[in-house]
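>>> this one's sequence-less:
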């Protein structure tokens, strides 16, 4: 591996074992996590990047988003007062959710990676292409 490839994630590609239908959200998820599951699952199924083996990671992503939304609801109900302990939990949950979102192509940058994996258009007259 060259030093130029360090930290570069491979592009997401359709998986041969990709799920064809979105499973129902797990019962133990709270309402916010279930709402996130229902929001993202059609995208993941449509891109054919999610398999049964990936569902635990998707569950964790949804749980983290659920924490963020629940804490925000509590903050709003408390008159927008910020509890430093809850802010720390929110911050860690948001960071974890962001990292997991990138794994599954749920962020703009990771979606751009997916687009980069598609074959280039052969109609270009690029003199440098071989």
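Noted; the coordinates are in hand. Every value quoted in this text rests on a predicted model; they were computed, and no experiment measured them.

>>> For the rest of this, base every contact and every neighbour count on C-alpha atoms.
Fine.

>>> Now residue 18: which helix or strand?
Using DSSP states H and E, residue 18 falls within no helix or strand.

>>> ok now do it, which residues does it touch?
45, 48, 49, 50, 51, 52 (Cα atoms under 8 Å, 6 or more residues apart in numbering).

>>> Without its sequence neighbours, what residue ends up closest to it?
Of all residues not flanking residue 18 in the chain, residue 51 sits nearest, at 4.6 Å (Cα to Cα, 6 or more residues apart in numbering).

>>> Identify the residue nearest the geometric centre of the protein.
residue 101 (2.1 Å; Cα atoms, centre = their mean).

>>> all strands for this protein, in order.
In the chain, no strands are defined using DSSP state E.

>>> Any stretches of it with poor pLDDT?
For the chain, the stretches flagged by pLDDT under 70 are 1-12, 113-130.

>>> try it again with 90
1-18, 47-50, 80-83, 102-130 (pLDDT under 90).

>>> With that, I have no additional questions.
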